[in-house]
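[1] Structure here, sequence nowhere to be found:
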């Protein structure tokens, strides 16, 4: 039942040849949680960027374990197998007036993957992360037992599993809470800001706005560092929609599907084209400033409309850098990061800045901390990797941390500095439950998690 | 065929292909009856389809090898379905199976004898409804030419293909339509993320869409064009040459 496959994360680097088998929907597994292999990791839809969903010994692919098992319209509780994608939940439930409490930047993540990464969305400052809306998780542990984990039952395991990158066990099913929405449209306000201080001022003044995020021009220099387009949003009241939309407020227009048919050539992305693109994008955003109504798909998942957009960065692949910085040090650290990036003349079309609310200290490997997060892509090159090491130094010095779901290259030291004593707690739980040797990924080995 | 409140019975509903075909009919508004040996597993699929497509699903215990139980099985169904899909099948392990009398029988009976009898029982009932009805039988390209790798399975599937052809002719004047489906490579859970020969590989979902579309058009055989071409070449190779190839 096993086969060989060359796998990578969404960043297409690194690539590893792994034994694979389908993740089974029901425990016990024949041969135990690793199906007889030395160690194993679960892989949902492969949307983490680096190496957390790769294990050469055994990578269990979860996309066929995608049954929706029950839904309670009284509470909004949806029970699914781990491989159900966010896109499936949206397609089925948004037209019925239900919406996930937290949606990440892609709708192609699986429920298991979103729990394992404890993903956050544009409402992190007021709604927390995905794990804050999970009722329970059915976890297949190292001893072969299936355990129901929630904040009341096996609480320590539950907390470690939200953000635990699949290293506590295989998530087989979960119950997540959905919320009511009145329409499938988002009332959006676009605010161009000329620099970082203004951007942070807008974020701080909008704690009550449900969704907020900024596209940031990572190549702007000097006083223009932090030049951004801030997108505020909230679920639109049907009353505010025009007549055509109000007639069926859950009906979305059919979107054009684009796809990257092949890898972009290496010359397509360079400092000049990037700077020109970012300049033009900012100018276009300034012209569109103000209020508007967009469908939720365009608001939350602009990149998902281009299938295989990861090919944009060419055959070598890319690394995404996402750090979280504490509120107290965020401003200075962001300016230093932006300085280093624009100086190196490396960067991407899409850099994202977001204000985060309080983190979840009870979940040891959950990424968010109160402050700011910056995320951007770098086409892979030795220059880029050198720059990323410099960015690590700035992040660590500011008391920040990197996101495991995006990481493919940080050092164990950077990781330990970022997560501190919580990491020791996580390692201890892994050792205690026998998970250390059973659940491993290329990433967990690199970072000695 | 109008879709409203009609139902589809899927025999051998446990496989990825059967599940995808059932889901595709559910998407079109049919109520779904899932039948197989392991009803615990099918309950999950039933919940999934009811939730996603807001249709009614029921689960029924069905053993293709229990020929004497087939009449009772159909008697116990809540309604006479308008479409019966037979996805019962077992690939087995050629090398091991041919040395074990029980395994030989199991492969032949699962791929041929059981489905043949069950569909005979189904056909009589469907034809008697005087409504538009259909039987969809899942064969295999392995039935087009016996190959060293899987000729026991292939021979049984070849027999099933000819059986369906005969049944189609018998009912051609009635409102019962019989369609044969021949899958090639379909990427299932096993092959997820692998570098498969792209042009020859389908996903269960795409394949299921094509099957349902073919039935809508009252096709007699659904056979992917690329596979038809490939197997056309293979079946026309002279035996003397074919036996020396590695197909």
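    Arrived safely, thanks for sending. Computed from a prediction, not measured in an experiment: that's the story for all the values here.
[2] So residue A:192, which state does it fall into?
    State at residue A:192, reduced to three classes by DSSP: H, G, I helix; E, B strand; the rest coil: strand.
[3] what's the closest non-adjacent residue to it?
    The shortest distance from residue A:192 to any non-neighbouring residue, by Cβ to Cβ, 6 or more residues apart in numbering or on different chains, is to residue A:286 (4.4 Å). Bear in mind the C-beta positions are built from the backbone N, C-alpha and C, glycine included.
[4] Relative to residue A:209, how far out is that neighbour?
    20 Å (Cβ to Cβ, to the nearest Å).
[5] And for residue B:147?
    Counting by Cβ to Cβ - residue B:147 and residue A:209 are separated by 64 Å.
[6] Show me which positions of stretch B:40-50 end up buried.
    Counting neighbours by 16 or more other Cβ atoms under 10 Å in any protein chain shown, one finds that the buried residues in stretch B:40-50 are B:41-42, B:44-50.
[7] For residue A:144, which residues are in contact?
    The contact partners of residue A:144, taken as Cβ atoms under 8 Å, 6 or more residues apart in numbering or on different chains, are A:27-29, A:32-33.
[8] just checking, it is part of a strand?
    No. Under three-state DSSP, residue A:144 falls outside any strand and is assigned coil.
[9] Dihedrals phi and psi, it?
    When read as degrees, to the nearest 10, the backbone of residue A:144 gives phi 90, psi 0.
[10] from the buried residues of stretch B:40-50, which are also near chain A?
    Applying Cβ under 8 Å from any Cβ of the partner chain to these, one finds that B:41, B:44-45, B:47-48 fall near chain A.
[11] distance of residue A:203 from residue B:54?
    When residue A:203 is compared with residue B:54 (using Cβ to Cβ), they lie 41 Å apart.
[12] Settle it for me: which of the two has more neighbours?
    It is residue A:203, of residue A:203 and residue B:54, that has more neighbours when counted by other Cβ atoms under 10 Å in any protein chain shown, with 23 against 11.
[13] Check what pLDDT that one gets.
    pLDDT recorded at residue A:203 is 98.
[14] ok, for it, nearest residue in space, not its chain neighbours?
    According to Cβ to Cβ, 6+ apart, the nearest residue to residue A:203 is residue A:355 (3.9 Å).
[15] contacting residues for that neighbour?
    Shown in contact with residue A:355 (Cβ under 8 Å, 6+ apart): A:124-125, A:200, A:203-204, A:212, A:371-372.
[16] tell me the SS of it?
    Reducing the assignment at residue A:355 to three states with three-state DSSP gives strand.
[17] give me the beta-bridge partners of it?
    Taking DSSP bridges as the rule, residue A:355 bridges to residue A:372.
[18] So, low pLDDT: which residues of the chain?
    Let's take chain A. Residues of chain A meeting the criterion pLDDT under 70: A:1.
[19] think we crossed wires, I meant chain B
    Looking at chain B by pLDDT under 70, you get B:1-4, B:188-199, B:247.
[20] Mind jotting down where the helices sit in it?
    For chain B, the helices defined by DSSP state H cover B:16-27, B:39-53, B:70-76, B:94-97, B:101-108, B:114-127, B:151-170, B:204-216, B:225-236, B:239-242.
[21] What distance do you get for the residue of the stretch 151-300 of chain A found nearest chain B to residue B:102?
    The stretch 151-300 of chain A approaches chain B most closely through residue A:173 (9.8 Å), counting by Cβ to the nearest Cβ. Per Cβ to Cβ, residue A:173 is found 37 Å from residue B:102.
[22] Neighbour count: the two, which is higher?
    Each of residue A:173 and residue B:102 has its neighbours counted (other Cβ under 10 Å); residue A:173 has more, 24 against 8.
[23] quick one: the more buried one and residue A:78 touch, right?
    No. Residue A:173 is beyond contact range of residue A:78, at 10.9 Å (criterion: Cβ atoms under 8 Å).
[24] Look up how far residue B:85 lies from the closest residue to residue B:140 other than its chain neighbours.
    Nearest residue to residue B:140, sequence neighbours excluded (Cβ to Cβ, 6+ apart): residue B:157, at 4.2 Å. Note on residue B:157: its distance to residue B:85, by Cβ to Cβ, is 16 Å.
[25] hang on, the earlier thing: of residue A:286 and residue A:209, which one has the most company?
    Between residue A:286 and residue A:209, counted using other Cβ under 10 Å, residue A:209 has the larger neighbour count: 18 against 13.
[26] which one is that one nearest to, not counting chain neighbours?
    residue A:232 (4.7 Å).
[27] Would you mark the buried spots in the longest strand belonging to chain A?
    Longest strand in chain A by number of residues (criterion: DSSP state E): strand A:170-180. Neighbour counts using 16+ other Cβ under 10 Å place A:170-178 of strand A:170-180 among the buried residues.
[28] Could you list the domains of chain A?
    Taking automatic domain parsing as the reference, chain A has its domains at A:68-181, A:185-412.
[29] among these, which is the most enclosed?
    Mean neighbour counts were compared across the domains of chain A using mean count of other Cβ atoms under 10 Å in any protein chain shown; the top stretch is domain A:68-181, at a mean of 22.
[30] now the most centrally placed residue in chain A, what's its secondary structure?
    The residue lying closest to the centre of chain A (Cα atoms, centre = their mean) is residue A:119, at 4.9 Å. Assigned by three-state DSSP, the conformation of residue A:119 is coil.
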